[in-house]
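Student: Dropping the sequence and predicted coords here.
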Amino acid sequence: MPRIVPRILAVLAALAGALVAVGAPASAHTALVSSTPAEGETVTELAEVSLEFTEQLLDIGNELAIEAPDGTRTALEVQEPVTETITAAVPDDALGAGENILRYRVVAGDGHPIEGDVTFTYAPPGEPSPSASASPSASASASASPSASAVALPTTSPTPHVTVYEEVGPNPAVYVIIGAVAAGALALTIALSGRGDDGGSSGGPAS
């Protein structure tokens with residue numbers, strides 16, 4: 001076997017190993033595991049919020065905020081140290097009765113930012129619920145028009161909120177390595193084919 005063939009095999013093995021090493025990090029990403037409060041949860045008080053992720057976060061560039069039902073947005077002070085979990089205290093005036101949104105922007109260990117939000121309901125003690133406050137008018141309307149009570153009105157369920165995380169795209173180096181592996185395989189095929197032709201011609205009878 002020509003000396004070039006073992007060299008080509010060694011190069012192909014190295015390229016295959018590099019392809020695995022480069023391709024693995026490209027498919028991984030940091031994701032939210034749990035939160036306090038949880039998505040869709042109803043709380044009567046909230047002194048602190050926390051978010052837990054699958055991997056270590058960087059200690060820079062992290063932001064947390066609460067958006068009240070009236071649109072008022074209150075930035076929260078992130079507590080240190082930041083690990084896989086990020087926490088912040090909630091000021092007394094940050095929440096409003098009704099649907100609130102915890103918005104976050106954190107930086108994963110690989111430097112990629114992750115943005116999303118968690119929607120929850122704040123129902124402070126002593127506050128009348130929307131259904132309770134609307135019940136007197138609803139009963140009065142029903143007594144005024146009996147026929148209206150017999151008509152079933154269609155109800156629509158709220159659209160579930162979906163948090164979107166930033167995905168890490170494929171590394172361009174993967175395509176370069178794939179091309180190199182293909183070129184190496186082609187070179188090996190040509191070398192072996194040439195070796196077979198030389199062996200056949202040298203084994204024939206001398207003229």
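Tutor: Cool, got the structure. Remember, predicted model here, so these are calculated numbers, not experimental data.
Student: Only C-alpha atoms from now on, for both contacts and neighbour counts.
Tutor: Noted.
Student: Just checking, which helix or strand succeeds whichever strand or helix holds S50 along the chain?
Tutor: S50 belongs to strand 48-53 when assigned by DSSP states H and E. Remark: after strand 48-53, the chain's next helix or strand is strand 63-67, criterion DSSP H and E.
Student: could you give me the average pLDDT of stretch 122-136?
Tutor: When pLDDT is averaged along stretch 122-136, the result is 65.
Student: State the distance from the spatially closest residue to I66 that is not a sequence neighbour to R73.
Tutor: Spatial nearest neighbour of I66, excluding adjacent residues (CA to CA, 6 or more residues apart in numbering): L102 at 4.6 Å. Remark: distance between L102 and R73 (CA to CA, to the nearest Å) = 10 Å.
Student: which neighbours do the two share?
Tutor: Counting by CA atoms under 8 Å, 6 or more residues apart in numbering, the shared contacts of L102 and R73 are A65, I66, E67.
Student: show me the contacts for the first one.
Tutor: The contact partners of A65, by CA under 8 Å, 6+ apart, come to R73, T74, A75, L76, L102, R103, Y104.
Student: mind redoing it with 10 Å?
Tutor: The contact partners of A65, taken as CA atoms under 10 Å, 6 or more residues apart in numbering, are 49, 73-78, 88, 90, 94, 101-105, 117.
Student: Any idea how many residues pack against the residue nearest to I66?
Tutor: Neighbour count of L102, defined by other CA atoms under 10 Å: 26.
Student: Beta-bridge partners for it, please?
Tutor: With DSSP bridges as the criterion, L102 is bridged to I66, V118.
Student: Quick one, grab the pLDDT at it.
Tutor: For L102, pLDDT reads 98.
Student: ok now do it, which residues does it touch?
Tutor: Contacts of L102 by CA under 10 Å, 6+ apart are 35-39, 49-51, 64-68, 73-76, 116-120.
Student: Show me which of those are buried.
Tutor: 35-39, 49-51, 64-68, 73-76, 117-120 (16 or more other CA atoms under 10 Å).
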